[in-house]
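> Quick one: sequence and predicted model below, then my questions.
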Amino acid sequence: MNAPLRLSLLDRSVLREGQTAAQALRDTVALARYAEELGYHRFWVSEHHGVPGIAGSAPTVLAAAVAGATSRIRVGTGGVMLPNHRPFVVAEQFAVLGSLFPGRIDLGLGRSVGFTRAVQEALGHTVRDAEDFPERLAELLDFLRGDDARRPGLRVQPADGLPVPPFVLALGAGARIAAEAGLPVVVGGVHDRARLLAAVAEYRDAFKPSPWRDEPYVVIAAPVAVGGTAEEAREMLAAESWSLAQARTLGAFPPLSPPEAVRSARMTARQRTLFEQARAGHVAGTEDEVRGALDELVTATGADEILVTASAYDPARLRASLAGLARVAHPDRRS
């Protein structure tokens, strides 16, 4: 990879064993400052409701804290789950952010609802509410543009905070929704390369120029880690893979465990399968190995940007990985 790569970071405010949610949130803000120092393009936070191991339940609030603690890096959401919110309220919240931090705010949007039935009921939504995402998205885009044709006389305030650029988090059908709306798309699922490539191809084929973008813009989201050795990098990402395996078998995402606990964990056959599936989607290795892997990924997908989704039990190891990734993304800055 000889040319610079646009690199961004998504942080989920995941707890570590023995850590409080308050500390996890403070760590997110501190990590954003560090990402800015390293030259990352964006820093996004996520929306998870009722998950004991994740503190990031209110992305708009957390994005405000991150933007207030930084000065240059773009800040946004990966993403606001639109089925959980009224489009007008989302537009107002981001208009406020855009007014406070002009030119730095992104609005990433997703289609997911609560992970469990109890959460869905508390939010007042069900999985069926995700089906009207295209209509909710169209309404939101009208509000973000200041177009009151749909609701005459109703405009979002503060108007000087708009427009805020929207993105769609998508795979499969969501890629076409993003394309038909003329929006940038964020595509995950690196572990399933065929499905990933199909989603990107469908997005490019169906893309319609819009007031937001003249041409397609593809962001690939992937867990990425750099270490002194390939095994060190893979071990850094293993803690989150183990928490994901437990979430999908026990119904709760636990705080990240230390590496030795992950190595000695007694996994059921199902948990082992899920654990290995999660690890299959990792881009992990030395700087040279990750450079080669990302170069191949960008070539295959035509990605304009890589959104790194990495958590680690050891904050120092995570920071070292992000610094290594910054050198990978900008080879001209290597010492």
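Yep, that arrived. The structure presented is a predicted model; accordingly, all values stated were derived computationally and were not measured.
> going forward, measure contacts and count neighbours with C-alpha atoms only.
Noted.
> What's the separation between the closest residue to residue 190 other than its chain neighbours and residue 243?
Leaving aside its chain neighbours, residue 190 sits nearest to residue 281 (5.2 Å; criterion: Cα to Cα, 6 or more residues apart in numbering). To residue 243, residue 281 is 15 Å away according to Cα to Cα, to the nearest Å.
> again with residue 195
When residue 195 is compared with residue 243 (using Cα to Cα), they lie 24 Å apart.
> Residue 285 too?
Look at residue 285 and residue 243: by Cα to Cα, they are 21 Å apart.
> Over to the residue lying closest to residue 285 once chain neighbours are set aside: give its phi and psi.
Spatial nearest neighbour of residue 285, excluding adjacent residues (Cα to Cα, 6+ apart): residue 230 at 3.8 Å. For residue 230, the backbone dihedrals are phi -60, psi -40 (criterion: degrees, to the nearest 10).
> again with residue 162
The phi/psi pair for residue 162 (degrees, to the nearest 10) is phi -110, psi 160.
> Report the contact partners of it.
Shown in contact with residue 162 (Cα atoms under 8 Å, 6 or more residues apart in numbering): 94-95, 98-99, 144-146.
> Can you flag the buried ones in the residues you listed?
Among those, those that count as buried by neighbour count (16 or more other Cα atoms under 10 Å) are 94-95, 98-99, 144-146.
> and the least confident of these?
Note: of the buried ones among the contacts of residue 162, the lowest pLDDT belongs to residue 146, at 87.
> Check the offset of whatever helix or strand residue 63 lives in from the chain's centre.
Counting by DSSP states H and E, the element that carries residue 63 is helix 59-69. Distance, stretch centre to chain centre, for helix 59-69: 15 Å (Cα atoms, centre = their mean, to the nearest Å).
> can you check stretch 60-75 too?
The chain centre lies 15 Å from the centre of stretch 60-75; the measure is Cα atoms, centre = their mean.
> hmm, back to that, check which residues of the helix holding residue 63 are buried.
Residues of helix 59-69 classed as buried under the neighbour-count rule (16+ other Cα under 10 Å) are 59-60, 62-67.
> Great, nothing more from me.
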